[in-house]
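Colleague: sequence plus predicted model, see below.
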Amino acid sequence: MSETAAETPTYSYLGPVGTFTWEALRQVPEAAGATWRSVSNVGEALDDVVSGRSVGAMIAIENSVEGGVSATQDALATVPGLRIVGEYLVPVDFVLVARPGTTLADVRTVSAHPVAYAQCRRFLEAQLPSHGHIPSASNVASAAGLLESTLADAAIAPPNITEHHDLAVLAEHIGDNPHAVTRFVLVSRTLGLPQRTGADKTSIIAELPDDAPGRLLEMLEQFATRGVNMSLIESRPIGDALGRYRFVIDLDGHIHDERVADALLGLRRFSPNVLFLGSYPRADKRPVEFVPQYSDDVFTDARDWLRGILSGEPPLT
Ligand SMILES: O=C(O)C(=O)C[C@]1(C(=O)O)C=C[C@@H](O)C=C1
């Protein structure tokens, strides 16, 4: 993990060292000998990929308590040519830290990344009911900031924070949900389409053609009629007018699975704007389940049958 090497590939991540995003990048074997570039937000990480400065950027896309990370979903929808090439899960647990000597009773202001802050509501309401929140760029930036300025009295940070900074832990396990997990994706422009493993996900973003009744159902039928399961669907405002949405969708399977490819063809015919964000191995490695009626053979047999008819093959007797 050199920070200075010149010719090794670079990976960008929301830093500094110790963030959950940094933990996620540690799960990427190819990043082990690479240069790691700490950035301050998702936009900067994706800019690095677009400009070619980095081969990949690790970004948070969904939290099990807070839901989709809208900055990430919107950036993936609008920055052209980005592909998701991997998915990683990081359990998230939080501590409250302060400059040594501070007690909980001294805390008036808490610095925290907004997604982390939202995951610690119960603790904050019970223990610090009248605190003020100072948003920070990341979970480690919040804590590191305590040593640079006295604006905040305490910070929400990952439990490993004391390995990196001289801070005192005021409270542990302050997250509302002890099983909280954040899902990260590795985004690239140059790393190719990952191979099909049988335990894959495909991410897309699609818009409806108009707001006639039943359009959403029509879109979902593209998947249902090919036996393709969705593991996520979220709407995000397109931003050009009230009431216009795009849908962020994760499908079980790889674009090299016939049923997924066929569903995407159907979707492309239906939707005025479909973005293929990538097919990549699932972080949990759970094999995709489907009924035999939707296996690859059934799709290729049907296509061969049609080709036969179109090429004038005589009917079988
Ligand atoms: O990587 C970090 O530590 C971050 O601060 C970012 C982030 C996020 O963007 O969702 C990552 C995981 C936590 O759920 C909260 C914040």
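Modeller: Cool, the structure landed. Predicted model, so just to flag it, every value in this text is computed and none were measured.

Colleague: show me which residues of the stretch 51-200 of the chain sit near the ligand.
Modeller: The stretch 51-200 of the chain comes close to the ligand at residues A60, N63, V69, V92, H113, V115, A116, S138, N139, T182, as judged by CB under 6 Å from any ligand atom. For glycine as for every other residue, the C-beta is placed from the backbone atoms N, C-alpha and C.

Colleague: any idea how far the fourth one lies from A155?
Modeller: Distance of V92 to A155, given as CB to CB, to the nearest Å: 15 Å.

Colleague: do the same with the second one
Modeller: Between N63 and A155 the distance, using CB to CB, works out to 19 Å.

Colleague: so which of these two has more stuff around it?
Modeller: A155 (33 against 21; other CB atoms under 10 Å).

Colleague: report the beta-bridge partner residues of that one.
Modeller: According to DSSP bridges, V97, S111 are recorded as the beta-bridge partners of A155.

Colleague: that one contacts A143, doesn't it?
Modeller: Yes: in this structure A155 lies within contact range of A143 using CB atoms under 8 Å: 4.3 Å.

Colleague: mind listing the shared neighbours of those two?
Modeller: Jointly contacting A155 and A143 under the rule CB atoms under 8 Å, 6 or more residues apart in numbering are V97, S111, L167.

Colleague: end-to-end on stretch 96-108?
Modeller: Counting by CA to CA, to the nearest Å, you get 13 Å between the two ends of stretch 96-108.

Colleague: so for it, what's the average pLDDT?
Modeller: With pLDDT averaged residue by residue, stretch 96-108 scores 97.

Colleague: just the buried positions in that stretch, please.
Modeller: L96, V97, A98, R99, T102, V107 (16 or more other CB atoms under 10 Å).

Colleague: got the contact list for the last one?
Modeller: What that stands for is V107. With contacts defined as CB under 8 Å, 6+ apart, V107 is in contact with L96, A98, L128, H131, D153, A154, L170.

Colleague: okay, now the unreliable bits of the stretch 51-200 of the chain?
Modeller: Scanning the stretch 51-200 of the chain for pLDDT under 70 picks out nothing.

Colleague: what ranges do the helices span in it?
Modeller: Secondary structure of the stretch 51-200 of the chain (DSSP state H, counting those that start in this stretch): helices located at 70-78, 114-118, 121-127, 139-145, 161-164.

Colleague: adding distance to P213 and mean neighbour count, write the ones you listed out as CSV.
Modeller: Listed next are those as CSV, based on distance: least, CB to CB, whole Å; neighbours: other CB atoms under 10 Å:
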stretch, distance to P213, mean neighbour count
helix 70-78, 25, 19
helix 114-118, 35, 19
helix 121-127, 38, 14
helix 139-145, 44, 24
helix 161-164, 52, 16
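
Colleague: how about TSV for these, with distance to D262 added?
Modeller: Formatted as TSV, the entries for the helices of the stretch 51-200 of the chain read as follows, by distance: least, CB to CB, whole Å:
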stretch	distance to D262
helix 70-78	24
helix 114-118	36
helix 121-127	44
helix 139-145	42
helix 161-164	48
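
Colleague: and of those helices, who's closest to P315?
Modeller: Nearest to P315 among the helices of the stretch 51-200 of the chain is helix 70-78 (48.0 Å), distances taken as CB to CB.

Colleague: ok, and what's touching that closest one?
Modeller: Among residues not part of helix 70-78, those counted as contacts by CB under 8 Å, 6+ apart are 41-43, 46, 59-61, 82, 84, 185, 187, 205, 234, 236, 239, 246, 248, 275, 277.
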